[in-house]
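A.B. asks: what would the 3D arrangement of this be:
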Amino acid sequence: MALAEETPVSLTYNTMQYAVMMATARDIEDFCTGFSVTEGIVGRAEEIKSITLETGPGFITADLRIPAAPFHLLMQASRRMVVGRTGCGVCGIEDAAQLLRPLPALPPGPPASLAAIRRALAQLSGHQTLNKTVHMVHGAAWCGPEGEIRLIREDVGRHNALDKLIGAGLRGGQNLSEGFCLLTSRCSYEMVQKSIIAGIRTIVAISAPTGLALRVAEQAGLTVLAIARPDAQMLFTGAVTE
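C.D. replies: Residues are numbered from 1 along each chain as shown. Model (predicted):
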């Protein structure tokens, strides 16, 4: 029986270690890019000058070079020396005020259509190639306005899957404010926060959202559909068309 693996990925910025995250050992450059943007370490993916990966027995080290960071960020990085467990989104945070960062308002645009969302949901399992083998990893997919699945990333951690998807989109020059994002996991506040930072305007989640996630989504103008199946979805915030 094939099993998913959890591999420690050590992220280092300008020689300073920031965090060790447990992740699936694939699409690591995408993960590093998405994580760096959604954590606010860089403002844009283009600010990452290089990513150098070193693979050892049972671990991966990612060395990222970025512009000189403000002193307070480096100090924060030097203190965040804990393992980011597979299901954890806040490991290493010292102050509760850091959890809810100021978020930008999302750019205006046409709402997603239910027909496109249902088309993508019907196709989702067929695109989850890793999950077909191990039957337990999370997926995050980017879908075009017509519901075609353009990108998908998988990981044992739901936050990691989304960071990988965001990183892949940004590295590939995708405009993430067009289309919508499918999540095979629950829609928690950190998933909403990451999506808003990336410019995603609509999330469709297989499982239910949290109350905090919806309050954050409403404030930024993020549309959230959840408990989503090909034949039924619940709209919690925002708007969609038929």
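A.B. asks: give the closest residue to the most centrally placed residue in the chain in space, chain neighbours not counted.
C.D. replies: With distances taken as C-alpha atoms, centre = their mean, residue 162 lies nearest the centre of the chain, 2.3 Å away. Of all residues not flanking residue 162 in the chain, residue 140 sits nearest, at 4.5 Å (C-beta to C-beta, 6 or more residues apart in numbering). In this view, the C-beta of every residue, glycine as well, is placed from N, C-alpha and C.
A.B. asks: in a helix, that's where that neighbour is, yeah?
C.D. replies: No - Residue 140 sits outside any helix when classified using DSSP: H, G, I helix; E, B strand; the rest coil, being strand.
A.B. asks: secondary structure element for residue 177?
C.D. replies: Residue 177 belongs to no helix or strand when assigned by DSSP states H and E.
A.B. asks: where does pLDDT dip in this protein?
C.D. replies: The chain contains residues with pLDDT under 70 at 69-100.
A.B. asks: could you list the domains of it?
C.D. replies: As assigned by automatic domain parsing, the chain contains the domains 7-98, 114-237.
A.B. asks: now the terminal residues of the longest one, how far apart.
C.D. replies: It refers to domain 114-237. Using C-alpha to C-alpha, to the nearest Å, one end of domain 114-237 lies 14 Å from the other.
A.B. asks: all strands for the protein, in order.
C.D. replies: Under the criterion DSSP state E, the chain contains strands at 7-13, 16-23, 50-56, 59-65, 83-84, 138-143, 149-155, 180-183, 202-205, 223-229, 232-237.
A.B. asks: reformat those strands as TSV; add mean neighbour count and distance to residue 33.
C.D. replies: Below are the strands of the chain laid out as TSV (neighbours: other C-beta atoms under 10 Å; distance: least, C-beta to C-beta, whole Å):
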stretch	mean neighbour count	distance to residue 33
strand 7-13	20	11
strand 16-23	21	13
strand 50-56	12	7
strand 59-65	18	9
strand 83-84	19	16
strand 138-143	26	14
strand 149-155	23	11
strand 180-183	26	16
strand 202-205	28	20
strand 223-229	20	24
strand 232-237	16	27
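A.B. asks: what about residue 230, how many neighbours?
C.D. replies: Neighbourhood size, residue 230 [other C-beta atoms under 10 Å]: 14.
A.B. asks: what do you get for the one 10 residues further on?
C.D. replies: The local packing count at residue 240 equals 18, with neighbours defined by other C-beta under 10 Å.
A.B. asks: run through who's touching stretch 50-70.
C.D. replies: 7-15, 25, 28-29, 32-33, 36, 41-42, 47-49, 77 (C-beta atoms under 8 Å, 6 or more residues apart in numbering).
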